[in-house]
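Colleague: Quick one: sequence plus predicted model below, questions after.
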Amino acid sequence: MLRPNLKANDFLVAHSEAMRTVVTQVEAYADGDAPVLICGEHGTGRELVARVLHQRGPRTGARFVAVRPTFEDVPGRTQTDDACERARRALRSASGGTLLVKDVSDLSAPSQRTLKKAIKDRSSDRESAEVFDVHVVATGDLDVVRAVDAEIVARDFYELFRPRTITVPPLRERLDDLPALFERWVKHYAAEVGRPKPSVSVRAIQRLTDYPWPGNVAELKAIARRLVVRAARPRIEAGDVDEILPVVAARVPLEDLAFEEMVKAKLAGLLARIDGYPIHDLYEKVVARVERPLFDLVLAHTGGNQLKAAEILGLNRNTLRKKLSDLGIAQKKKRGGREDRALDGD
């Protein structure tokens with residue numbers, strides 16, 4: 001939900017072709033007249049589109065009222081109000097403006113009938129006991145048609161909205177918009193906490209575009225907020241993004257990978273996690289991390305016999321002793337640095 005001093009237009013980014021189509025539809029349907037249905041996955045910004053629809057139409061000076069399908073959030077309702085009365089209260093509260101009903105598939109049958117009557121009475125010439133001068137907008141998921149077929153949503157009610165349906169694409173289908181969206185949310189949250197807006201590296205943006213975004217724009221917004229709150233430097237790096245993005249990539253069982261592929265997979269994770277952080281001894285770090293488990297296993301295999309272990313490893317016994325000492329294998333192991341912890345991460 002945007003604060004009152006923020007404009008929805010400021011957050012409607014349409015660099016992608018998919019979102020340009022949405023903007024075209026918004027401009028066409030922003031006359032404040034016939035009902036509009038805005039469909040899409042959760043988190044795609046359906047309410048944002050509804051607010052822009054309101055702002056760009058003739059009702060922009062009047063109220064924009066967003067309610068849940070139960071109408072429980074309508075001011076002035078009582079415990080004894082039935083579904084029809086709650087729907088009428090919502091219509092009255094948005095008089096002259098826009099009423100957004102969220103998740104239309106969850107509307108009760110009585111509420112659907114009340115809204116249907118209100119929409120039809122407003123567009124007809126016949127007199128009615130109460131006419132509501134309201135632009136009705138609803139949001140729905142991508143299964144609204146199935147809800148109609150299952151008779152969860154009345155077909156005649158759905159047909160009032162169907163001619164003006166806007167489908168908001170998921171973020172994964174509008175990646176051209178992601179950099180601008182992310183920059184705007186970073187700027188917004190930096191202002192919220194009273195600090196300069198951090199810049200964002202190209203690699204950080206690439207990390208974001210590589211992620212599948214199951215939570216859509218809502219998830220991107222949350223990631224931007226977390227990065228700003230956690231920012232310790234004036235620049236957001238790829239490593240910062242990797243620290244908080246959920247791991248959703250399909251995993252291949254280690255036993256199905258060749259040894260070289262296992263090492264490569266681990267090193268890829270290491271490089272991703274330390275990207276943007278200074279490191280100058282990667283070779284030594286990696287070699288030490290490979291040697292330590294190797295020596296542990298070989299010594300366990302030989303029962304701690306260093307002479308046999310050196311023979312198996314093809315090393316001079318004194319060389320092995322020095323390496324064991326350098327690695328602290330016979331001592332309490334010290335906690336590694338950031339790059340070591342990154343290599344340990346999944």
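Modeller: Perfect, thanks for sending it. Numbering: from 1, shown residues only.

Colleague: Could you use CA atoms for every contact and neighbour count after this?
Modeller: OK.

Colleague: Can you give me the buried ones in stretch 153-163?
Modeller: Burial within stretch 153-163, assessed by neighbour count using 16 or more other Cα atoms under 10 Å, is assigned to 153-154, 157-158, 160-162.

Colleague: how about it as PDB, C-alpha atoms only?
Modeller: Extracted in PDB, the C-alpha atoms of stretch 153-163 (Å, rounded to 0.1, in the frame of the first residue of the first chain):
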ATOM      1  CA  VAL A 153     -18.700 -16.500  -9.900                       C
ATOM      2  CA  ALA A 154     -22.000 -15.800 -11.600                       C
ATOM      3  CA  ARG A 155     -21.700 -15.700 -15.400                       C
ATOM      4  CA  ASP A 156     -23.900 -12.700 -15.800                       C
ATOM      5  CA  PHE A 157     -21.900 -10.800 -13.100                       C
ATOM      6  CA  TYR A 158     -18.600 -11.700 -14.800                       C
ATOM      7  CA  GLU A 159     -19.900 -10.600 -18.200                       C
ATOM      8  CA  LEU A 160     -20.200  -7.100 -16.900                       C
ATOM      9  CA  PHE A 161     -16.400  -7.000 -16.400                       C
ATOM     10  CA  ARG A 162     -15.200  -9.200 -19.200                       C
ATOM     11  CA  PRO A 163     -15.100  -6.600 -22.100                       C
END
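
Colleague: Apart from its neighbours in sequence, what residue is nearest the residue sitting furthest away from the middle of the chain?
Modeller: Distance to the chain centre peaks in the chain at residue 307, reaching 56.5 Å (criterion: Cα atoms, centre = their mean). Leaving out its chain neighbours, the residue that sits closest to residue 307 by Cα to Cα, 6 or more residues apart in numbering is residue 317, at 6.0 Å.

Colleague: what number of residues lie near the one you found?
Modeller: 16 (other Cα atoms under 10 Å).

Colleague: Same question for residue 234.
Modeller: Neighbours around residue 234, by other Cα under 10 Å: 13.

Colleague: What pLDDT does the model give the residue lying closest to it once chain neighbours are set aside?
Modeller: Distances taken as Cα to Cα, 6+ apart place residue 198 nearest to residue 234, at 4.7 Å, with adjacent residues excluded. Per-residue pLDDT puts residue 198 at 95.

Colleague: Name the surrounding residues that touch stretch 287-296.
Modeller: Stretch 287-296 is contacted by residues 309, 324, 327, 329 when judged by Cα atoms under 8 Å, 6 or more residues apart in numbering.

Colleague: Oh, that last question was meant for stretch 137-157, not what I typed.
Modeller: The contact list for stretch 137-157 (Cα under 8 Å, 6+ apart) reads 35-42, 46-47, 50, 98-105, 107, 109, 112-113, 116, 158.

Colleague: swap in stretch 103-122?
Modeller: By Cα under 8 Å, 6+ apart, the list of residues contacting stretch 103-122 reads 35, 68-70, 83-84, 87-88, 127-128, 131-133, 136, 138-141, 144, 147, 152-154, 157, 160.

Colleague: let's see it at 6 Å
Modeller: Contacts with stretch 103-122, where a contact means Cα atoms under 6 Å, 6 or more residues apart in numbering, come from 69, 83-84, 87, 131, 139-140, 153, 157.

Colleague: ditto for stretch 201-220
Modeller: With Cα under 6 Å, 6+ apart, stretch 201-220 has contacts from 43-44, 170-172, 237-238.

Colleague: and which of these is nearest residue 180?
Modeller: residue 171 (12.4 Å; Cα to Cα).

Colleague: Give me the neighbour count for the residue nearest to the closest one when sequence neighbours are not counted.
Modeller: In space, residue 171 comes closest to residue 216 once its chain neighbours are excluded; the distance is 5.0 Å by Cα to Cα, 6+ apart. Neighbourhood size, residue 216 [other Cα under 10 Å]: 19.

Colleague: Could you check the pLDDT of residue 216?
Modeller: pLDDT, residue 216: 94.

Colleague: For residue 224, see how far away it is.
Modeller: 13 Å (Cα to Cα, to the nearest Å).

Colleague: May I have the strands that pair with the host helix or strand of residue 37, each with its orientation?
Modeller: Using DSSP states H and E, residue 37 maps to strand 36-39. Here strand 36-39 has these sheet partners by DSSP bridges: strand 135-140 (parallel), strand 165-167 (parallel).

Colleague: Point out the most buried one among those strands.
Modeller: Highest mean neighbour count of the strands paired with strand 36-39: strand 135-140, a mean of 24 (counted as mean count of other Cα atoms under 10 Å).

Colleague: ok, of the contacts of stretch 287-296, which one's closest to residue 284?
Modeller: residue 327 (11.3 Å).
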